[in-house]
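>>> Fold the following, please.
(one chain, ligands or ions: 1)
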Amino acid sequence: MLASVITGFGGTELFAVAEIPEPVPGPGADVVDVTLAGVNYADVHRRRGEHEKPPLPAVLGADVVGRRRSDGRRVAALLRSGGGYAQVAAPLRRYTVDIPDSVPDEQALAVLEQGLTAWHSLHTLGRIDGDDLVVVTAGAGGVGHLAVQLARWAGARVAALASSPAKREAAIALGAHVAVDSQHPDLGTAVSRALGAPPTLVLDSVGGKTFEQLQAALAPFGRIVAYGVAGDVANTVAVDDLMTTSTGVHGFWLQRVLDDEELYRSSAARLFHLAGRGVLRARIGGRYPLAGVGQAHADLESRATAGKLLIDVRRLT
Ligand SMILES: NC(=O)c1ccc[n+]([C@@H]2O[C@H](COP(=O)([O-])OP(=O)(O)OC[C@H]3O[C@@H](n4cnc5c(N)ncnc54)[C@H](OP(=O)(O)O)[C@@H]3O)[C@@H](O)[C@H]2O)c1
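Modelled structure (predicted):
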């Protein structure tokens, strides 16, 4: 099979298409003939060798759709050890979900990893309700553009952050009430002004100064859910400040959902249901051939993209 392989950690030029053996499924794994693989910001961290370093040579890629070889059914799957940028994958059966007929492949792929992150950040941790004033960082991004739609669907007033006018327009088109420049020097004031009052719920995937400013802007009893550090600076939190401001900080990692198969399957089914009804509509921000994985990474990390990026693994160039 063909795969996009890295043999070192660093820049986007490291990706090379190679003919390699198909993965051998371990115990409890399925073989899937992949049609589309997703690109996630976590793949950028892995390519750079940040956080966790996969053994080399490595095939990155954490989410796929395709046909399960054993029964020919259309499935979506998460791959916790990579292997997505390839024509065949071997995901664990417990991370493999059937796709309903009402949901096209690309929508299923876009709403699984990123939709679960948005859903659990908003609902399980954020306890969103219709009175909330919500801020979504990277509000046109893969997770963010789904969070904007889900927050709006929950009845909240939503401010999306994005770094270009085109992305802010995209976030508004997806349902954000207002959009704010993510590089505004005083983000706290800017979002409170845009929402008409301080935010009560913030979803943060950027960290660093973005987290700091948005946390400080929270209304009393507000909460911030941190699920990413795209800005590469992790924050520490002063618990005494949380007491005086009466605010909360949550962290989210999708692995904790995957650890609970029932929670994973039920929330994936809910997202597919919403996607099937058109309540949740993933925007496809780019479709690249297998030889274009490096370009997809370059576009993602240069903050040029809106929505979900897909690799068409059956197309070489
Ligand atoms: N915790 C989990 O289990 C989990 C699961 C999935 C994803 N995530 C995290 O969720 C975040 C979003 O992932 P995604 O795949 O959907 O990516 P994405 O949002 O499509 O792309 C990243 C976005 O982050 C913003 N950004 C802010 N500072 C940045 C910087 N210094 N460099 C690059 N981008 C920056 C950019 O938006 P603007 O330019 O518009 O500001 C950029 O478009 C990532 O942090 C990812 O690691 C976490």
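
>>> which SS class is the residue in the stretch 1-150 of the chain that the ligand sits nearest to?
Among residues of the stretch 1-150 of the chain, the one nearest the ligand by C-beta to the nearest ligand atom turns out to be G141. It sits 2.0 Å away. Any C-beta I mention is one placed from the backbone N, CA and C, and that applies to glycine too. Three-state call for G141 (DSSP: H, G, I helix; E, B strand; the rest coil): coil.

>>> neighbours around it, how many?
Residue neighbour count, defined by other C-beta atoms under 10 Å, stands at 32 for G141.

>>> what's near enough to touch it?
Neighbouring residues of G141 by C-beta atoms under 8 Å, 6 or more residues apart in numbering: 41, 205, 305-307.

>>> Among the residues you listed, which ones lie close to the ligand?
The subset of the contacts of G141 lying close to the ligand, counting by C-beta under 6 Å from any ligand atom, consists of 41, 205, 305.

>>> Neighbour count and secondary structure added to those residues, as JSON lines?
As requested, the ones next to the ligand among the contacts of G141 are arranged in JSON lines below (neighbours: other C-beta atoms under 10 Å; DSSP: H, G, I helix; E, B strand; the rest coil):
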{"residue": "Y41", "neighbour count": "20", "secondary structure": "helix"}
{"residue": "S205", "neighbour count": "28", "secondary structure": "coil"}
{"residue": "T305", "neighbour count": "19", "secondary structure": "coil"}
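
>>> what residues does the stretch 1-150 of the chain put near the ligand?
40-42, 113-114, 117, 138, 140-144.

>>> Put the buried members of those into a PyMOL selection.
Under the burial definition 16 or more other C-beta atoms under 10 Å, those of these that qualify are selected in PyMOL by:
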select buried, resi 40+41+42+113+114+117+138+140+141+142+143+144
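
>>> Show me what secondary structure element comes after the strand ranked longest in the chain.
In the chain, taking DSSP state E as the definition, the longest strand is strand 32-39. Using DSSP states H and E, the helix or strand that follows strand 32-39 in sequence is helix 41-48.

>>> follow-up on the earlier one: with only the CA atoms kept, save the longest strand of the chain in CSV.
What follows is strand 32-39, C-alpha atoms only, in CSV (Å, rounded to 0.1, in the frame of the first residue of the first chain):
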residue,chain,number,x,y,z
VAL,A,32,-10.0,-0.7,7.0
ASP,A,33,-9.5,0.2,3.3
VAL,A,34,-9.2,4.0,3.8
THR,A,35,-10.8,6.5,1.5
LEU,A,36,-10.1,9.7,3.4
ALA,A,37,-7.8,10.5,6.3
GLY,A,38,-8.1,13.6,8.4
VAL,A,39,-5.5,16.1,9.4
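
>>> Let me see the ranges of the helices in the stretch 101-250 of the chain.
Secondary structure of the stretch 101-250 of the chain by DSSP state H, counting those that start in this stretch: the helices cover 105-119, 144-153, 165-173, 187-195, 208-217, 239-245.

>>> In TSV: the ones you listed, plus mean pLDDT.
Written out in TSV, the entries for the helices of the stretch 101-250 of the chain read as follows (pLDDT from 0 to 100):
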stretch	mean pLDDT
helix 105-119	98
helix 144-153	98
helix 165-173	98
helix 187-195	98
helix 208-217	98
helix 239-245	97
